[in-house]
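Peer 1: sequence and computational prediction follow.
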Amino acid sequence: MEAFVATKLDDFTKGKISRRQLVEMLTLAATTTAAATGGANAAAAAGPDPAIRPVLVNHISYTCPDYKRAADWYQRVFNLEMVGPTDHDVAGVFGRRGGPKPMGITANDVPPSYIVFRTREANAPTQGSTTPRRRSQALVEHMGYTVADFDRDRARAELQAMGVQGIRDGGLYSLHMLDPFGYDVQISGVANNALTDGA
């Protein structure tokens, strides 16, 4: 929270955001923090910590028409590494290990988050079942990734040089783009999150 406030104050003093934007962002951050703290206090009063308390995104399973093409794009654009095997419908598992502990993680060995690229027949049964998959009624509208040392103009120039399509601003501190199959992908800096920059 302190880093976020410091970043927004710095942006205000440099003229990147208006006084009104600063007040709105700080009010939202304070409200979110108070709600989270109040919820944590209520949970503590109610009893012990729950057994299931997610702290990281473990992986994203991405099904698309050509898993190799998607994996190549994400590896090239985000400089990701292959950290798992490939088989007939999975191009590979990509991720990065290392760096600072994110948001409240206490383990010393923080695992990377993964993207698993798959190409599957639309009506194929799920693993271990003979029943065809039901057509999903839900949609993950876009995926947002945090980028270290994010500079919007520099990132835009690099993406344009790579031939990335559909690059557009996503608020003051992020960019959106389209992957090879038209899927919306967002990148932003550490200080940005889904509540502060028009996700």
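Peer 2: Good, I have the coordinates.
Peer 1: in this protein, which helix or strand is least confident?
Peer 2: Every helix and strand in the chain was compared by mean pLDDT, DSSP states H and E; the lowest is helix 19-46, with a mean of 56.
Peer 1: quick one: contacts of the next helix or strand after that one?
Peer 2: Sequence-wise, the next helix or strand downstream of helix 19-46 (DSSP states H and E) is strand 59-63. Contacting residues not belonging to strand 59-63 are listed as 70, 93, 113-120, 143, 183 [Cβ atoms under 8 Å, 6 or more residues apart in numbering]. Every residue, glycine included, has its C-beta placed from N, CA and C.
Peer 1: return a selection command, for use in ChimeraX, containing the buried ones of the residues you listed.
Peer 2: A single ChimeraX command selects the buried members of those (16 or more other Cβ atoms under 10 Å):
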select :70,93,114,115,116,117,119,183
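Peer 1: name the nearest of the contacts of strand 59-63 relative to Val190.
Peer 2: Using Cβ to Cβ, Ser113 is the member of the contacts of strand 59-63 that lies nearest Val190, at 14.9 Å.
Peer 1: on that earlier part again, ok, the contacts of strand 59-63 vs Pro50, which is closest?
Peer 2: For those, the nearest to Pro50 is Ser113 (21.8 Å; Cβ to Cβ).
Peer 1: can you pick out the ones from the contacts of strand 59-63 that are in helices?
Peer 2: Within the contacts of strand 59-63, residues falling in helices by DSSP state H are Ala70.
Peer 1: and which of the contacts of strand 59-63 is nearest Ser174?
Peer 2: Using Cβ to Cβ, Met143 is the member of the contacts of strand 59-63 that lies nearest Ser174, at 12.3 Å.
Peer 1: check contacts around the closest one.
Peer 2: 60, 183-186.
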